[in-house]
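# model this:
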Amino acid sequence: MIPLSFNYLWIFFVAGFGSIIFSLFAIGLIFSSKFRNTLRHGNIFIQSLFVCSVLCVFLSLILYFLVLYTKNEIEKEHHSIHKTLSSPEIILGIQMPQGTELELFAPDQLTSLRQAKFPQPVLFGKLQINSMKIPRGIDLELFDDRSTTLMGTGKDTIEGWNCQLMSYIQVYLDDAGNIIGLEHCNLAQDTQLENIILVAQADIERSKYQKYPDNFVSTDYWRIHNPLTQYKAVSLQWANVYLDQNKQLIGIENGTLTEKLTLGDIQYPANTEFNLLVHPLTQNETWLFTPPSDQNAVARNGKVYTHDQTIFQRPNGKIEQILNSNDPRILARRMNH
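Presented below is the predicted three-dimensional model:
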């Protein structure tokens, strides 16, 4: 393939310009005997220019056939990785109808399917799927994600989650094309778990990177990015909720209070940051509150807590400790990588 770079455009420019010069020579040679005589007995510059123009014509011909060859190779490569099924066919255990448009990772190998677009919806469980994507090549290297992305409509229960296919859903398929696991979906309806309520459309995804910088390994299996979370008496917005494989609560991080909250002797304003750390500071359940930058938390005795402080408090209101908001013990435990 000819590299499409400005570094190579000069070759085409020289070949084209030289061919124009040759055309002028050709016109003179055909229609002027004086010009023919001048070229035959002229100075070395004119003769050299003529020879160079002839070479440019040959170069132009070579480039022309090279472009044709490259175009043909590109078309062959395109046709080898883009297929349209002329009849129904089972690929990777999935029954695909006639007219399905395929994009392959390896030329002419249907089992290297990267993407499929169906002419009519195909059933995956209870989901009506219009297209699907399977990670291949660099996608696997960069993201280490082996789930299949399905796009379409519908609702289905996968690994105990009532999922709604809004824009896409990521699942794991067996050799027969059946859904056997969940990577990501949106909740179809409000869901009540022990001490916590998750609202419809919350993002459900399988947890990754459970190992912390100090080698602590969390048992969280699910991560829910929830637009609204009700945990005991605390109402939170956009919190990350972490659950184990049995959907038992492990932690809640980076949520903010939707309204004022009084706990013990302290009143916290709305938008106070709330954390129930996945990597806890103590064995007992302890909540961390960090006031917003534009408002303070105030105790009954008038003591003020600013956004530079994090209040380390039990659910019964007992204050365990007041920490600096940038305390490494807090930040390190929130680096879930």
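# what's the span of stretch 95-105 from first residue to last?
Using C-alpha to C-alpha, to the nearest Å, the end-to-end distance of stretch 95-105 comes out at 19 Å.
# Could you pull out the buried residues of it?
Residues of stretch 95-105 classed as buried: 96, 100, 102, 103, 104, 105 (neighbour count, 16 or more other C-beta atoms under 10 Å). In this view, the C-beta of every residue, glycine as well, is placed from N, C-alpha and C.
# Just the ones in helices from those, please.
Here DSSP state H is the test, and those give no hits in helices at all.
# Can you tell me which of the residues you listed comes closest to residue 156?
Sorting the buried residues of stretch 95-105 by how near they are to residue 156, with C-beta to C-beta, puts residue 96 at the top with 19.7 Å.
# Now for the closest one: which residues touch it?
Taking C-beta atoms under 8 Å, 6 or more residues apart in numbering as the definition of contact, the neighbours of residue 96 are 85, 88, 89, 90, 116, 118, 122.
# For PyMOL, what selects the buried ones among these?
Typed into PyMOL, the next command selects the buried ones out of the contacts of residue 96 (criterion: 16+ other C-beta under 10 Å):
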select buried, resi 85+116+118+122
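# Now the two most distant members of the contacts of residue 96.
The two members of the contacts of residue 96 with the most space between them (C-beta to C-beta) are 90 and 118, at 13.7 Å.
# Which stretches in the stretch 1-150 of the chain count as strands?
Across the stretch 1-150 of the chain, reading from the start of the chain, the strands by DSSP state E, counting those that start in this stretch fall at 82-84, 89-91, 94-96, 101-104, 113-124, 127-133, 148-153.
# How about the residue most central in space within the chain, nearest residue that isn't a chain neighbour?
The residue lying closest to the centre of the chain (C-alpha atoms, centre = their mean) is residue 143, at 8.3 Å. With C-beta to C-beta, 6 or more residues apart in numbering as the measure, residue 135 is the residue that lies nearest to residue 143, at 7.0 Å, once sequence neighbours are left out.
# Please verify my assumption that the one you found contacts residue 145.
Yes: the pair residue 135 and residue 145 qualifies as a contact (C-beta atoms under 8 Å) at a distance of 5.6 Å.
# More neighbours: which of those two?
Set side by side, residue 135 and residue 145 show unequal neighbour counts under other C-beta atoms under 10 Å, the larger going to residue 135 at 19 against 15.
# contacting residues around residue 207?
Listed by C-beta under 8 Å, 6+ apart, the contact partners of residue 207 are 218, 220, 221, 222, 223, 242.
# can you pull the pLDDT of residue 5?
As predicted, residue 5 sits at a pLDDT of 56.
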